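In: Got a sequence here, can you build the structure:
(one chain, ligands or ions: 1)
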Amino acid sequence: MFFKSLREDIKAAKRNDPAARNWFEILLTYSGVHALSWHRVARFFYKIKLKLIARMISQMARFFTGIEIHPAAKIEAGVFIDHGSGVVIGETAEVHKGTVIYQGVTLGGTGKERGKRHPTIMENVTLSAGAKVLGGFTVGKGAKIGAGAVVLKEVPPYATVVGIPGRIVRIRPPETENEIHEGIIAVKALNQELRAEDLALKEEQAKEAARIAEEKRSGKLEPMQPIPLPTETAAGIEKTQEQPTQVWDEIQKKEGESNENL
Ligand SMILES: CC(C)(COP(=O)(O)OP(=O)(O)OC[C@H]1O[C@@H](n2cnc3c(N)ncnc32)[C@H](O)[C@@H]1OP(=O)(O)O)[C@@H](O)C(=O)NCCC(=O)NCCS
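Out: Residues are numbered from 1 along each chain as shown. Take a look at the predicted model:
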């Protein structure tokens, strides 16, 4: 169970951090992954009522990672805490898988509530750097909380919330994102097709030019002769240079034929 969760955490780090190179490096150097692993140990002791040991483990993890997670907080496997420093997750908070938490995030209470006083973060939420989510409400799946936002009210799924106090600036369901994504892919494919056609045409032209040059070199191809230009006769009629003799021959031939008939 512990190792299965660790594997999920490492996968989440690899998925969300372009700088992550391999699982071994993540295991050794990612403080978010360390904090979550320590949290599972602390939570085990908390559940068997060894609360002091649980708190001690949690504080030790905070000392090494800068991330403070109350041992009672429920965090699913596959959550990614990036950078980590200054993250605080309160006692009744819940965080579901696929969520990304950046440095300086607080999942806390307003100080006015009792019982469930920390937020529930559903799947695939982004909690940007320095965001404060305060209260026992739910942040819907796929929501994005902007850097430095202070969220005090429930957030619907796929909403983007920014500012202080947090306000919804857009709700973008995944279908829309998919459509935009598909549109971009289609345009890219069309561009590629056009480029390929253009390349094929250029290749054909180059081959043809090379063939003509080769034929010229080997003497197969006679150089082109200039077409005779029309010349002006004394009568001012335009004829080509060969035409007068041809016409004269034909006239003489016709005259000979008619004399024979007489
Ligand atoms: C909120 C966030 C995730 C972007 O979400 P998004 O749904 O793509 O939203 P957009 O970028 O289209 O922004 C929507 C609007 O909110 C505004 N906005 C975005 N982030 C904001 C912020 N943190 N504070 C105030 N306004 C913000 C934008 O200017 C935009 O306003 P406009 O519609 O008037 O132009 C992103 O802006 C953010 O805060 N990222 C921080 C990530 C982070 O913590 N990185 C740290 C890595 S170390």
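In: What is the burial count for the residue nearest to Val155 when sequence neighbours are not counted?
Out: Spatially, and ignoring its direct neighbours in sequence, Val155 is nearest to Val139 (4.4 Å; C-beta to C-beta, 6 or more residues apart in numbering). The C-beta positions use only the backbone N, C-alpha and C, and glycine is treated the same way. By other C-beta atoms under 10 Å, 29 other residues sit near Val139.
In: which residues pair with Val139 across the strands?
Out: Here Val139 sits in beta bridges with Ile121, Val155, going by DSSP bridges.
In: Which residues of this protein lie near the ligand?
Out: When proximity is defined by C-beta under 6 Å from any ligand atom, the chain lies next to the ligand at 83, 102, 126, 128-129, 144, 146-148, 160, 162-163, 169-170.
In: Can I have the buried ones of these as a PyMOL selection?
Out: Selection of buried members from those for PyMOL, criterion 16 or more other C-beta atoms under 10 Å:
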select buried, resi 83+102+126+128+144+146+160+162
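In: Out of the residues of the chain next to the ligand, list just those in strands.
Out: Thr126, Lys144, Thr160, Val162, Val169, Arg170 (DSSP state E).
In: which sections of the stretch 101-250 of the chain are below the confidence cut-off?
Out: Within the stretch 101-250 of the chain, the stretches with pLDDT under 70 are 176-179, 221-226, 228-248.
In: quick one, helices of it?
Out: Using DSSP state H, counting those that start in this stretch, the helices found in the stretch 101-250 of the chain span residues 174-218, 243-261.
In: how about CSV for those, with mean neighbour count added?
Out: Listed next are the helices of the stretch 101-250 of the chain as CSV, based on neighbours: other C-beta atoms under 10 Å:
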stretch, mean neighbour count
helix 174-218, 10
helix 243-261, 10
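In: Can you say which of the ones you listed is nearest to Val88?
Out: Judged by C-beta to C-beta, the one of the helices of the stretch 101-250 of the chain that comes nearest to Val88 is helix 174-218, at 29.6 Å.
In: Go ahead and measure how far that closest one is from the middle of the chain.
Out: Offset of helix 174-218 from its chain centre (C-alpha atoms, centre = their mean, to the nearest Å): 23 Å.
In: got it, and stretch 1-19?
Out: Relative to its parent chain, stretch 1-19 has a centroid offset of 21 Å by C-alpha atoms, centre = their mean.
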